[in-house]
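Novice: Prediction below, plus the sequence it came from.
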Amino acid sequence: MRATKLPAMDSMPTADNSASVTLQNVSLSFGERLVFQDLDCIFHAGEISVLAGPSGCGKSSLLRLLGGLLQPQSGGIQVSGQEVVGVKKQSLRQIRKQVGMMFQNGALLSSMSIFENLALPLREQREMDEEGIRKKVSNQLVSVGLGDAEELLPGQLSGGMVKRAALARALISDPEILLCDEPFSGLDPVSVRRIEELLVGLNQDRGMTILLTSHHVPSTRRMADHVVFLIDGGAVIGTPEELMEHPDERVSSFWEELRSYVPSATARGGASPSSAAQSGVVAQGGAE
Amino acid sequence: MIELIPAIGRYVRQWVDSLGSHAQFAARIGAAALRPPFRPRRSVEAMYDSGVLSVVIICVSGFAVGMVLGLLFYLSLSRFGSQEVLGAIVGIALVRELAPVFTALLVTGRAGSAVTAEIGTMVVTEELDGLRMLSIDPVHFVVLPKSMALLFVMPILTAFFALFGIAGAYVAGCIVLGVDGGTFVTSLIDAVDFENDIMGCFLKSVIFGSLLGLVATYRGYHCEPTSRGVSSATTQTVVVASVSVLIFDYFITALWGF
């Protein structure tokens, strides 16, 4: 199934030179279980895209495909114009230098301190001296609010701190594209907001392309430039509001929470077009 | 009966596939060993985990096995009045056979299973995928130091086992049962040959170490990413490595020193 175009949707991404990540006719299956069939998708540079959908629809698998951790049965995937499918390991390593990935459970090396986890990729690249590495890691940890956690092991951190440490590690090599697997899962609302702000800040300040998987509807609403809803081996693309009106109930019901949700502002700092008219409601009752 | 043929065929094909996969993995480890950066710190840490932490169990087991041998051989030899060759028999038995095999089996149970469980857990927690995304080869960073550590510590631990085994036999034979200490040591030195016995022992321990290093890291690296998968991989390491050690022991013994 190909990506389904929503009716009257102006913001539908189309292929052009600014495309940062492109999937063409990608098919993936695990044994007899089909995950994607002829999936076409384009993620533009400098946008935040949220991959949503029911559990098991292939959100994490899609991120793993983009990182070259999975190979599809057929189709092509280009990241910043470079093919990811069927290339040699050396080429894949070069592509991965442009891509940072934040894993759902952090994937930090449990035997190393947070500082060592962040310093590792820099030491492997052998492009900086130890003093430069120390400075860069410390700055990176301060930017995610973990300045005092350098010497702690991942097992000594809370869930929110692990997510932030994982984000810091994903960003340590200054990637152009950031992949985040369920960055909000298992977090309290304050931690969710903090991660959201970090991601949006990266997107706005550095123009970073961000793809994240999430079940968290309010965050998706606040952050996403567009949503890729994965279903039946294909994708439906649109804004949360557009997907809420989708004729397929499986798609629209996912966004049901939004009917009672009125955000005061987007995470990007300004009032969203749809929420601006409803700001009075927010003042009266709050958004969440 | 006829329906057994496809089942046997499938089993044989799986076995050959697995053998090829092990060989391929061994080649990857070998290639990684030649590629910089070299990681002396990680190798030392892995040697500490696999070697230093196994010393006590190896020494205690070696001493106990030596005492049993001393007692058993004394009882048999005393029937023929040949107690004076106790040192020779214990020495040959320990150096040629028991020290490398017992050490390999003990290290498999203590360190081999731990290596599989650690790498398997890294698969489950996506730590290996995390390394891949940082453009770091997990075989180079994780597998190589651990497999090399098992290869290097095995001969050292085997030497410890043999020494403590001989000490155990000395205690049982000379101190407890009254065999002359000088006779025990002289017969031991006369009987144990450097080229055939000690080098054979060294060769066996190196082969068992590399075998265990390969099996333990392969099983962990390829385990199913679930807790059940890690548990299964750990069990497989102990079973496959132990059986392989015993089979290889026969062939090395048959080909070396006879």
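Specialist: Looks like it came in fine.
Novice: How about the residues of chain A by chain B?
Specialist: A:64, A:67-69, A:89, A:93-94, A:96-97, A:99-101, A:103-105, A:107-110, A:120-121, A:124-126, A:169-170, A:173 (Cβ under 8 Å from any Cβ of the partner chain). Every C-beta, even on glycine, is put in place using the N, C-alpha and C of the backbone.
Novice: Spit out the contact partners of residue A:157.
Specialist: A:114, A:149, A:165 (Cβ atoms under 8 Å, 6 or more residues apart in numbering or on different chains).
Novice: and the second one, what pLDDT?
Specialist: Each residue has a pLDDT score; the one for residue A:149 is 88.
Novice: same check, this time on the first one
Specialist: As summarised for this prediction, residue A:114 has a pLDDT of 95.
Novice: what do you get for the last one?
Specialist: pLDDT for residue A:165: 93.
Novice: Give the closest residue to it in space, chain neighbours not counted.
Specialist: residue A:114 (5.1 Å; Cβ to Cβ, 6 or more residues apart in numbering or on different chains).
Novice: For burial, what's the neighbour tally of that neighbour?
Specialist: Residue crowding around residue A:114 was assessed by other Cβ atoms under 10 Å in any protein chain shown; the count is 27.
Novice: Need phi/psi at it.
Specialist: Torsion angles at residue A:114 (phi, psi; degrees, to the nearest 10) stand at phi -60, psi -40.
Novice: my read: it touches residue A:144, true?
Specialist: No: using Cβ atoms under 8 Å, residue A:114 makes no contact with residue A:144, being 10.2 Å away.
Novice: list residues touching both of the two?
Specialist: Counting by Cβ under 8 Å, 6+ apart, the residues touching both residue A:114 and residue A:144 are residue A:165.
Novice: So which bits of the stretch 1-150 of chain B are right by chain A?
Specialist: So far as Cβ under 8 Å from any Cβ goes, the stretch 1-150 of chain B lies against chain A at B:37, B:125-127, B:129-137.
Novice: For the closest residue to residue B:22 other than its chain neighbours, grab the count of nearby residues.
Specialist: Excluding its sequence neighbours, the residue lying closest to residue B:22 (Cβ to Cβ, 6+ apart) is residue B:218, at 5.8 Å. For residue B:218, the count of nearby residues is 26 (other Cβ under 10 Å).
Novice: Quick check: buried residues in the one helix or strand residue A:162 maps to?
Specialist: Of the helices and strands defined by DSSP states H and E, residue A:162 is found in helix A:159-171. Neighbour-count burial for helix A:159-171 flags A:160-171 (criterion: 16 or more other Cβ atoms under 10 Å in any protein chain shown).
Novice: ditto for stretch A:206-219
Specialist: A:208-214, A:216-219.
Novice: Quick check: end-to-end length of it?
Specialist: 20 Å (Cα to Cα, to the nearest Å).
Novice: now it, how far from the centre of its chain.
Specialist: The chain centre lies 4 Å from the centre of stretch A:206-219; the measure is Cα atoms, centre = their mean, to the nearest Å.
Novice: For the closest residue to chain B within chain A, give me its contacts.
Specialist: Closest to chain B within chain A is residue A:107: 3.3 Å, counting by Cβ to the nearest Cβ. If a contact means Cβ under 8 Å, 6+ apart, then residue A:107 has A:166, B:125-127, B:129-130 as its contacts.
Novice: Can you tell me the SS state at residue A:246?
Specialist: coil (DSSP: H, G, I helix; E, B strand; the rest coil).
Novice: what about residue B:27, how many residues close to it?
Specialist: Count around residue B:27 with other Cβ under 10 Å applied: 10.
Novice: Residue A:155 too?
Specialist: 9.
Novice: tell me which element the most centrally placed residue in chain A is part of?
Specialist: By Cα atoms, centre = their mean, the mean C-alpha position of chain A lies nearest to residue A:212, the distance being 1.8 Å. Under the criterion of DSSP H and E, residue A:212 resides in strand A:209-213.
Novice: surely residue A:74 meets residue A:24?
Specialist: No: counting by Cβ under 8 Å, residue A:74 stays clear of residue A:24, with 9.9 Å between them.
Novice: the more surrounded of the two?
Specialist: Taking other Cβ under 10 Å, residue A:74 and residue A:24 do not tie; residue A:24 has more neighbours (16 against 13).
Novice: State the distance from residue B:116 to chain A.
Specialist: Applying Cβ to the nearest Cβ, to the nearest Å, the value for residue B:116 to chain A is 16 Å.
Novice: With residue B:182 instead?
Specialist: Taken as Cβ to the nearest Cβ, the span from residue B:182 to chain A is 51 Å.
Novice: and residue B:227, how many neighbours?
Specialist: Neighbours around residue B:227, by other Cβ under 10 Å: 11.
Novice: Correct me if wrong: it contacts residue B:125.
Specialist: No: the pair residue B:227 / residue B:125 is not scored as a contact, 11.0 Å apart, by Cβ under 8 Å.
Novice: Over to the residue of the stretch 151-258 of chain B found nearest chain A: give its phi and psi.
Specialist: Residue nearest to chain A within the stretch 151-258 of chain B: residue B:225 (11.6 Å; Cβ to the nearest Cβ). According to degrees, to the nearest 10, the main-chain angles of residue B:225 amount to phi -80, psi 60.
Novice: that older thread, filter the residues of the stretch 1-150 of chain B next to chain A down to the buried ones.
Specialist: B:125-127, B:129-137.
Novice: Which members of the residues you listed are the farthest-apart pair?
Specialist: Longest distance between any two of those is 19.3 Å, between B:125 and B:135; criterion Cβ to Cβ.
Novice: the helices in chain B, which residues?
Specialist: B:4-34, B:40-50, B:55-79, B:86-92, B:99-107, B:113-124, B:127-133, B:138, B:144-170, B:181-191, B:199-221, B:227-255 (DSSP state H).
Novice: can you tell me which of those helices comes nearest to residue A:235?
Specialist: Using Cβ to Cβ, the helices of chain B put helix B:127-133 closest to residue A:235, at 23.2 Å.
Novice: Can you name the residues in contact with the helix or strand just after the closest one?
Specialist: For helix B:127-133, the succeeding helix or strand toward the C-terminus, using DSSP H and E, is helix B:138. Helix B:138 is contacted from outside by B:122, B:128, B:131-132, B:221, using Cβ under 8 Å, 6+ apart.
Novice: Show me where the chain dips below the pLDDT cut-off.
Specialist: With no chain named, the answer covers chain A. For chain A, the stretches with pLDDT under 70 are A:1-19, A:257-288.
Novice: that's the wrong chain, I meant chain B
Specialist: B:257-258.
Novice: what residue is smack in the middle of it?
Specialist: Central residue of chain B (Cα atoms, centre = their mean): residue B:104, at 2.2 Å.
Novice: Surely that residue and residue B:208 touch.
Specialist: Yes: the pair residue B:104 and residue B:208 passes the contact test of Cβ under 8 Å, sitting 3.8 Å apart.
Novice: joint contacts of the two?
Specialist: By Cβ under 8 Å, 6+ apart, the residues touching both residue B:104 and residue B:208 are B:154, B:245.
Novice: So for stretch B:214-232, what gets flagged as buried?
Specialist: In stretch B:214-232, counting by 16+ other Cβ under 10 Å, buried: B:214-223, B:230, B:232.
Novice: What of stretch A:232-250?
Specialist: A:233-240, A:242-244, A:246.
Novice: Could you do stretch A:135-149 as well?
Specialist: Quick answer for stretch A:135-149 (16+ other Cβ under 10 Å): A:136-137, A:140-141, A:143-144, A:146, A:149.
Novice: Equivalent analysis for stretch B:192-204, please.
Specialist: B:192, B:197, B:200-204.
Novice: Residue A:78: which element?
Specialist: Residue-wise, residue A:78 maps onto strand A:74-79 under DSSP H and E.
Novice: Just give the nearest non-adjacent residue to the residue of the stretch 1-150 of chain B found nearest chain A, would you?
Specialist: Closest to chain A within the stretch 1-150 of chain B is residue B:130: 3.3 Å, counting by Cβ to the nearest Cβ. Closest residue in space to residue B:130, ignoring its immediate chain neighbours: residue A:107 at 3.3 Å, by Cβ to Cβ, 6+ apart.
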